[in-house]
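Q: Have a look at this prediction, sequence included:
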Amino acid sequence: MANPPIPSSDAPLLPILIAPHARLKAKARAVAKNDDDAVRAVIPRMFATMYTAPGIGLAAPQVDLGLRLLVIDLMPDNKPAPIVMINPELVAASPELAVREEGCLSLPGMYADVTRPARVKVRFLDQTGARQELEASDLLSACVQHEIDHLDGVLFVDHLSILKRNMIMRKLAKEQKLKK
Ligand code: NI
């Protein structure tokens, strides 16, 4: 990736919103010039939170920040490969679809098969403000689409049948209740 590595070892962790939560359903706003300081401060904390969870992607709305910002690290070969996307936009999607099991840090312990375009092209700004374009397939494609969905208030369960979604939400509510 074009992005330089992000040190995240000792950044303070952020609490992750758990579904159902109204702010997980809200559309995030574009990052603007005067968000620079906030964005720069929160990126290492988002990585630390994601690595600790552990997860492979985290979108700003999940840590209660309504900005179009997300972080991803698929850790290929168990090595960090951090990606920061600011104001990401899907500019192309393959007609072929792919099914992949997805989970989400905002729906801990819940997994389901989700069907999405197999490949996508995404344009975004990296953490230096440079324009980037990425063609993603396989896991990265699903991850990018899942995280961009978060910026539009969409969760992976919103891609499932109402029946399946309700089943997962009930199970999640039950498990969250037991945790308290
Ligand atoms: Ni998620």
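A: Done, it's in.

Q: and residue 143, how many neighbours?
A: Using other Cβ atoms under 10 Å, residue 143 is surrounded by 21 other residues. C-beta here means a position set from N, CA and C on the backbone, and glycine is covered the same way.

Q: Next, it: secondary structure please.
A: Here residue 143 is helix, with the state taken from DSSP: H, G, I helix; E, B strand; the rest coil.

Q: give me every residue that touches it.
A: The contact partners of residue 143, taken as Cβ atoms under 8 Å, 6 or more residues apart in numbering, are 56, 57, 72, 74, 136.

Q: can you check residue 151 too?
A: 27, 28, 59, 60, 61, 68, 70, 88.

Q: redo that, cut-off 7 Å
A: Contact analysis of residue 151 by Cβ atoms under 7 Å, 6 or more residues apart in numbering lists 28, 59, 61, 68, 70.

Q: For the third one, report the pLDDT, please.
A: The confidence metric pLDDT takes the value 98 at residue 61.

Q: Then the fourth one?
A: Residue 68 carries a pLDDT score of 98 in this model.

Q: Residue 159 - nearest residue in space that isn't next to it in sequence?
A: Nearest-residue entry for residue 159: residue 114, 4.9 Å, with adjacent residues in sequence omitted and distances by Cβ to Cβ, 6 or more residues apart in numbering.
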